[in-house]
Each structure stands twice: as structure tokens, then as C-alpha cells.
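# Could you look at this predicted model? Sequence included:
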Amino acid sequence: MTPATARLLTPRRLLTASIVVAVVTITLKTLAWYLTDSVGLLSDAMESFVNLASAIFGLVMVTIAARPADEDHPYGHHKAEYFSSGFEGALIIAAAAGIVWAAGHRLFDPQPLERVGWGLGLSVASSALNGLLAWVMFRSAKEHRSIALEADAKHLVTDVWTSVGVIVGIALVQVTGWLWLDPVVAIGVALNILWEGFHLMWRSSQGLMDEAVEPDVMAAIRQTLDTFSRTRGEMAIVRFDHITTRKAGQRRFVDLHMHLPATWSLGRAAALRASVEQALMHAVPGLRASIQLLPSDVEAHFDDPKDLK
């Protein structure tokens, strides 16, 4: 994705587009259910209502996350996106439960389907819209490092798979005449999307608990620090330790100690620290580095269990 495209396809704009697409797909799928009386298509329409609610909530959270740091939130509002992801996961689980409930009743009271051709055509059209938007969202989510956008894209993908399962089920009903296939397929689709809901909630919980940055990001941090490490013989002149990281939405944070010779002037040490910070932020976009200066022969003891008593 080019920088110009990334600036155009912002999380807020794509989530706004998701709301519009959700309204369109709800209309198409509800009409498909009305024409066919298929419980599978009803479950598909219910899933789209969840898409609408989650897109609205995601837009609100992304808007909050974009706010600058203030006196009450000195580290920013980036974690707001995790609430969106967790909420979306909960809605996916709720939608799956609703689908199972609706399909369970039809399983014991199968009904013939009507005007299947129109229903399938409308369902395919709505799935194409969701699939296209999800593809764009996944690319933009990676570029902007937005978990809210990624969550909405995954939700759209589950909606597409729901539609595919429903379409296959209805087609099999028409070919075989087995009316019970319609609710069975709906239940199978619901059980399948449950996994995505639980996975999104788990990822949100990890983010809210200050999960460490990804392995590739940590590797980039260590590689950058290695370029500043200096030795004289077997003695380390400049070294780094106590490197801890965390991530919050689009932001990445790293805290570390930089050990320098005690004979260095404060100005020289500060200049090197500024160079290290700039190099880290260049290597990892969106990174905020906090570096504590210590003499080479001094070790920090904040991890000592005796100091935690």
C-alpha cells in the first residue's frame, strides 16, 4: 500500500464505509430471508446486524484512540481500540448463539423454501460487498497497526463464510429435498464463527494487560541497540539491559537502561541517548522510547524480590 493510499484509507474512513455496507447488506439479506423463508438466510441477516453495531462501536473507539495525550491520560488513548475488539468478539459470540437458537427450532419443524433463486442472488451480492471491504480493511489495518480495523475485517470475513455456508446449504436442500439441511448448515456456521469471537476477546485482553511487542519488532529494537553498543577489549563501554516493551493500539513502547562510562559528561551522554532514541523510532514507526542513563559499574535492582516487599 502506497503512502498516499494509506493516508486516504484511514481507520475512521473505512469503519464509516463498514457502517454503510452493513446497512446495505442488512437490507439485501433481510429481503432474501423474506423471499425464501430460510432460517439460514435469517441467521445471515442477524450476523449483519452485529456487523453494524460493531462497526459503529469501532468507529467511536478509533476516534477516541486518535485523541492526543492529555493531563488525565499522559500516555494517550490508544488502548481504546482494544475495547472495540473485545466488544466485537462478544457480539460475534452473541450472534452465533442467536443463530443456533433460531436454527434449533427449524430443525424440529422443517419448512419448504420459496423463491430460492432470488434469495441466493441477493446473498451472493451482499457477500461480495463484505469480502471486498474486508480485503481493503486487512491491508489498511496492517499499515496503520489498528486492531479495531483488523477486528472489523475479521468480522466481515466470518460474515462471508456464514453466507457461503448458507448458500451451500440452501443449494443442497434444493438438490436433495432434505429440508433439515438448512438449519444444520446454519448451526455449523454458528459453531465455526464462535472461534473467531473467542480469539478476538483473547487478543483484546492481552492488549489491555500490556502485552509485549511482536517478535519481529523486538528483533528490530535489539538490532538497533547493537549498533550503538561499544566495547574496549573485554570491557563494555556502552551497553543496554533491562529492555521491556509493551504495545497499546497503534503505539509501541520500550523502556531500557543505557550504561555509560562514569567519566563521560552529561552532555555527551544525553547526545548519545538522543541518537539512540531517534534510531529506535526510525526502526520501529510509532515507537516511544524511554532510556535511563546509568554508569557502567552500576546495576539497577528494581527487579530484586527483596525490594518488592
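The structure has been received and is ready for your questions.

# can we go C-alpha only for contacts and neighbour counts from here?
Fine.

# any idea how far residue 196 lies from residue 167?
Residue 196 sits 21 Å away from residue 167, going by CA to CA, to the nearest Å.

# cool, and residue 70?
Residue 70 is 50 Å from residue 167, by CA to CA.

# Also residue 93?
21 Å.

# Residue 70 and residue 167 - which one has more neighbours?
The neighbour comparison of residue 70 against residue 167 (other CA atoms under 10 Å) goes to residue 167, with 23 against 10.

# Can you tell me the closest non-neighbouring residue to the more buried one?
Using CA to CA, 6 or more residues apart in numbering and skipping the chain neighbours, the partner closest in space to residue 167 is residue 120 (6.3 Å).

# Does that neighbour touch residue 32 like I think?
Yes - using CA atoms under 8 Å, residue 120 is in contact with residue 32, at 7.2 Å.

# Regarding the protein, what is its longest strand?
In the chain, with assignment by DSSP state E, the single longest strand is strand 235-248.

# what's the spacing between it and its chain's center?
On the basis of CA atoms, centre = their mean, to the nearest Å, strand 235-248 sits 28 Å off its chain's mean C-alpha point.

# by contact count, what packs against the helix or strand following it?
Per DSSP states H and E, the first helix or strand lying C-terminal to strand 235-248 is strand 251-260. On a contact count with 3 or more CA pairs under 8 Å, 6 or more residues apart in numbering; DSSP states H and E, strand 251-260 meets strand 235-248, strand 287-295.

# Pick out the shakiest of the ones you listed, pLDDT-wise.
Lowest mean pLDDT within these: strand 235-248, a mean of 85.

# Low-confidence ranges, the stretch 201-309 of the chain, go.
233-235, 249-250, 300-309 (pLDDT under 70).

# hmm, 50 instead?
307-309 (pLDDT under 50).

# follow-up on the earlier one: what separation do you get for the residue nearest to residue 167 and residue 247?
Distance from residue 120 to residue 247, by CA to CA: 43 Å.

# How about residue 37?
Using CA to CA, residue 37 is found at 47 Å from residue 247.

# distance of residue 279 from residue 110?
Applying CA to CA to residue 279 and residue 110 gives a distance of 65 Å.

# brain fart, residue 126
Counting by CA to CA - residue 126 and residue 110 are separated by 26 Å.

# higher neighbour count, those two?
Shown here are residue 126 and residue 110; by other CA under 10 Å, residue 126 has more neighbours (23 against 17).

# What confidence value was assigned to the nearest residue to that one once chain neighbours are set aside?
Once flanking residues are discounted, residue 126 sits nearest to residue 25: 5.0 Å by CA to CA, 6+ apart. Residue 25 is assigned 89 on the pLDDT scale.

# And stretch 203-211, what's buried?
By 16 or more other CA atoms under 10 Å, the buried positions in stretch 203-211 come out as 203-204, 207-208.

# Relative to residue 186, which of those residues is nearest.
residue 203 (26.6 Å; CA to CA).

# wait, residue 138 sits on residue 153?
Yes - shown here, residue 138 and residue 153 form a contact pair, counting by CA under 8 Å, at 6.0 Å.

# Neighbour count for these two, which is higher?
Set residue 138 next to residue 153 and count neighbours by other CA under 10 Å: residue 153 wins out with 28 against 18.

# which secondary structure element contains that one?
Counting by DSSP H and E, the element that carries residue 153 is helix 147-176.

# Which positions within that helix qualify as buried?
For helix 147-176, using 16+ other CA under 10 Å, the buried residues are 147-167, 169-174.

# swap in stretch 283-298?
284, 286-289, 291, 294-296.

# For those residues, give me a markdown table that also has distance to residue 75.
Output for the buried residues of stretch 283-298, formatted as a markdown table (distance: CA to CA, whole Å):
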| residue | distance to residue 75 |
| --- | --- |
| 284 | 18 |
| 286 | 13 |
| 287 | 12 |
| 288 | 10 |
| 289 | 12 |
| 291 | 16 |
| 294 | 24 |
| 295 | 28 |
| 296 | 30 |
